[in-house]
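Trainee: Structure, please.
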Amino acid sequence: MTFTVEEISLLLEVDHSTRKAAMQALIALSKITESAELRSMFRQLGGKLYAMSDKDFEAVDFDSWKEDFDAENE
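Mentor: Coordinates of the predicted model:
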C-alpha cells in the first residue's frame with residue numbers, strides 16, 4: 001500500500017511510532033477539527049492504516065521522507 005505525499009506529511013506530524021499510535025492520533029485529530037475536508041482525509045488515511053499490517057507499516061521509511069521534507073523546507 002502506498003501513501004500520498006499529503007498522507008506522509010500528516011503522518012510525520014503525529015505519533016507514528018506504531019500503526020496503532022498513528023490511527024489513534026488520527027481519531028483524536030478528527031474529533032477536534034472542524035474541516036470536513038481534513039476529517040475526510042483522516043478517515044481515508046485511517047482506512048489505509050487499518051487495512052495494512054503492522055509489518056507493512058514498520059517497513060515505511062519515515063526517516064527518508066522526513067529528510068526529503070526537511071530539505072525542501074530549507
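
Trainee: which helices and strands sit right next to the lowest-mean-pLDDT helix or strand in the chain?
Mentor: When each helix and strand of the chain is scored by mean pLDDT, DSSP states H and E, helix 62-72 comes last, with a mean of 74. Judged by 3 or more CB pairs under 8 Å, 6 or more residues apart in numbering; DSSP states H and E, helix 62-72 is in contact with helix 5-13. All C-beta spots, glycine's among them, are computed from the backbone N, C-alpha and C.

Trainee: averaged over its residues, what pLDDT does the helix it packs on have?
Mentor: Helix 5-13 shows a mean pLDDT of 91 in the predicted model.

Trainee: Show me which helix runs longest in the protein.
Mentor: Longest helix in the chain by number of residues (criterion: DSSP state H): helix 36-51.

Trainee: For the residue nearest to the spatial centre of the chain, give me its contacts.
Mentor: For the chain, the residue sitting closest to the mean C-alpha position, by CA atoms, centre = their mean, is L11 at 2.7 Å. L11 makes contact with 3, 22, 45, 62, according to CB atoms under 8 Å, 6 or more residues apart in numbering.
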